[in-house]
Each structure stands twice: as structure tokens, then as C-alpha cells.
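**Q** Here is my input; please provide its structure:
(chains A and B)
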2 protein chains.
Amino acid sequence: MTDTRICFIGDSFVNGTGDETMLGWAGRLCALAQRNGHNITYYNLGIRRNTSTDILQRWHEIALRQQPDCDNRIVLSCGVNDTTLENGALRVEFETSLQNMRALFARMQSSPGLVIGPPPVDDHAQNQHIQTLSNAMQIEAEKAGLPFTPLFDALVQDQAYLTEIAQNDGAHPTSTGYNKMTRLILNSGKWWF
Amino acid sequence: MTDTRICFIGDSFVNGTGDETMLGWAGRLCALAQRNGHNITYYNLGIRRNTSTDILQRWHEIALRQQPDCDNRIVLSCGVNDTTLENGALRVEFETSLQNMRALFARMQSSPGLVIGPPPVDDHAQNQHIQTLSNAMQIEAEKAGLPFTPLFDALVQDQAYLTEIAQNDGAHPTSTGYNKMTRLILNSGKWWF
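**A** You can find the predicted model right below:
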């Protein structure tokens, strides 16, 4: 059977922060694939507070987890932390985010890849930045020939999701919200298994 | 509430390879702690085929996941891959394994740490090496003031566990075996939560 090894690289939403089951959407997708008979190795490289700049700098973590004789795949998701205000400025300026995305997508050409867009948070002003970045990521991903699944538009219209993150820490859902993200990715038809 | 961030670094058994739930013992321990009211961030840094030499070389992955204002903890488990034969020789000679363990344990002094011993595999000759290494790791860990929880002695006497790994890939259990490992660690009293 094909020996598939998937690196999920990104931020706290990739890590599954806030999910009391510790699976997040990445673990859920892999567990479903495994139960459907695929042979999946699941490497979660989500780090809290990571921006696109941070992820670019530690991209080398992926190579240690790939094997030449395996079906190596990469899923990238980030963006929310780029749009956080610190000392009155965005942590990563929009143009720099876009340059980072292009550099990340170029590094993803070597393996089958998938890009997941950033979700909304409990802050209207930040959400405008997230939506703009998500839309730009989609255009860049598609230019690079990478499938892109947005999370923003569906979740920002989901009042139960917004209430859940507001009652949690203002950014991360619990298992209910991570289940919704998982279904959005499954229903997009972009996930492989 | 204390913001606890735990890095689990090691090999495929840390990764949870073979567990169709994708949790492994590390994810199970964190999910239990979270359900018991702790605020846990779970970073899984297990990589398949990693020896103690490999882990030492990528120890820097941990620092990127720690935050100065958080309760940062480290769990290390490795050893099985050191004892694998390749071209007639151990992948890591016993004395080198011991030197690596001492170096790893020295790096663990900065944070609360826990060492989990290597489990048996479906190979009697390799198991003798694993048992010798596990015993030596325990001595070195305790010299370094680090709690150590062995898995070998309990699992090598567990016929159902041995049958499970023999029917799987000869090394890794499925969720049943990972549940057993989780209980061994919980029952050792060395786990914090």
C-alpha cells in the first residue's frame, strides 16, 4: 500500500490549539483517511503565533520528515498572525505576506500540495485584513498551480462559530469548530483522501 | 490558568505511527490533561526512523515552540531505531547511544522533563538490545535528575501487545497498543497531569 507522509505546516489553527481532542482539522483529516484504508503518517508542524515569515524560515523542518521512497505531501495554512496588530503595525505587512506566500508556494512545487486559507477571528477590523489576505492567497496559490480551500467566507457567516471563538480565547474554536473546518476542507473536494 | 506547552520529541512511537486515531500516547496524554481542566498546547515532534543522533541534531526545533512566559515542558522518547541492524551493524552503537542520551538529558535541564523508554518490537534479538538500552537510559536519566518511565518490561510480557505489533508492521501497535502505553505512563505517576 502507498506509504503517504503528510506534513501540515502553519500556525495555531494547524496545531489544533483549543481543540480538547488534540486532533484539530489536520488530525481529523488524517484519521478519516486512515480509517478509509489509506496508510498515512501525520506530521503536525503548526506553531502558535507563527506568521508566514516564521514558516518560511523553518521550512527545512519538512525535509527531515520526507522519505525518497514515500508519497510525500504538504499542506500549508497560515495568515491570521500576519494580520495581528503589534505596537500599532501589522506583524507582517500585506506586501511582505504576499512575497512570503509566493516563496512558500514555490517551495511546495516538489510535492503534491494543498493550501488552506486563514479563518476569521473575533475582531471585525482584523477580519477585514484576513479576508483580503485570504483572497490574495487564493489568487497566488492558483497561479502556482496549488489547490486552495478558503475557510474565511463560510466561517465568518457562521454565528455559532463566531460565538464559540468569542467564548473561548477570541481566535481558536474547540472541537465543534475544528469539526466544521474539517467538513469545509472535505467538502471542497481539494483534499486527497 | 497556566499556559502549558509540551514538546514531545522522538521517533515513530512518539509520532503515533500505526494508531488509526492519529493520537498516539502523546496525544492521548494531552487530551486527558485538557479534559481535566489544564490548558495544554501539544507539539508532536516524533519522526519515523529517528535515532538518538538524529534527535540531538534537530533539538533546536523545540526552542521555536517554547515561549518565555509559558510553562514549557519536554518529553523525550527514543531508542528503538538505535538498535536496528543495517548492513550488519547497529544504526547507533551502544556507547554512542549513551553519549547521545547524556547530551539530550543535559539539554532537558532547562525545562521540566520526562523520559519514556523504548518499547519492544517483534524481533527477539533486537529486543535484547532495546532492553539493555532502556535500562542504561533509566540509569542516565536518573543521574540527570529526570523522571524515567520504562515501557519495555510491561509490554514484552504482554502477549496481546506482541501479537498486535506482529500483525501490524512488526514494530508499531494500533490504538489498542497506544492505549496500553498511555496507561503505563499514567500509572507510573511520572506524568504531570
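**Q** now the helices for chain A?
**A** Chain-ordered helices for chain A, with DSSP state H as the definition, fall at A:12-15, A:24-35, A:52-57, A:94-107, A:124-143, A:152-156, A:159-167, A:175-188.
**Q** Deepest in the core, which of those is it.
**A** Scoring these by mean neighbour count under mean count of other C-beta atoms under 10 Å in any protein chain shown gives helix A:12-15 as the most buried, with a mean of 25. Quick note: C-beta positions are derived from backbone N, CA and C, even for glycine.
**Q** about what we covered before: for B:Arg107, find the nearest of the helices of chain A.
**A** Go through the helices of chain A one by one with C-beta to C-beta and the one that ends up closest to B:Arg107 is helix A:52-57, at 21.5 Å.
**Q** which strands and helices sit next to that closest one?
**A** Using 3 or more C-beta pairs under 8 Å, 6 or more residues apart in numbering or on different chains; DSSP states H and E as the contact criterion, the neighbours of helix A:52-57 among helices and strands are helix A:94-107.
**Q** For the helix it packs on, what is the distance to the chain centroid?
**A** Computed by C-alpha atoms, centre = their mean, to the nearest Å, the chain-centroid distance of helix A:94-107 equals 15 Å.
**Q** and it, average pLDDT?
**A** Per-residue pLDDT values across helix A:94-107 average out to 98.
**Q** the inter-axis angle of that helix versus helix A:124-143?
**A** Note on geometry: by axes from the mean of the first three to the mean of the last three C-alpha atoms, to 10 degrees, helix A:94-107 and helix A:124-143 are set 40 degrees apart in direction.
**Q** gap between the residue at minimal distance from the centre of chain A and chain B?
**A** When chain A is reduced to its mean C-alpha position, the closest residue under C-alpha atoms, centre = their mean turns out to be A:Ser77, at 2.2 Å. When C-beta to the nearest C-beta, to the nearest Å is the yardstick, A:Ser77 and chain B sit 16 Å from each other.
**Q** my guess is that residue contacts A:Phe13, does it?
**A** Yes. Applying C-beta atoms under 8 Å as the test, A:Ser77 and A:Phe13 come out as touching, 6.3 Å apart.
**Q** any residues in contact with both of those two?
**A** Residues touching both A:Ser77 and A:Phe13 by C-beta atoms under 8 Å, 6 or more residues apart in numbering or on different chains: A:46, A:118.
**Q** Write out the residues of chain A neighbouring chain B.
**A** Residues of chain A lying near chain B by C-beta under 8 Å from any C-beta of the partner chain: A:5, A:15-17, A:20-23, A:27, A:30-31, A:34-35, A:40-44, A:47-49, A:54, A:58, A:61, A:64-65, A:67.
**Q** PyMOL command to pick out the buried ones of those?
**A** Burial among the residues of chain A next to chain B is assessed by 16 or more other C-beta atoms under 10 Å in any protein chain shown; the matching PyMOL selection reads:
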select buried, chain A and resi 5+15+16+17+20+21+22+23+27+30+31+34+40+41+42+43+44+47+48+54+61+65
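**Q** show me where pLDDT drops low in chain A?
**A** Within chain A, the set of residues satisfying pLDDT under 70 is empty.
**Q** quick check, distance from stretch A:179-193 to the centre of its chain.
**A** Computed by C-alpha atoms, centre = their mean, the chain-centroid distance of stretch A:179-193 equals 12 Å.
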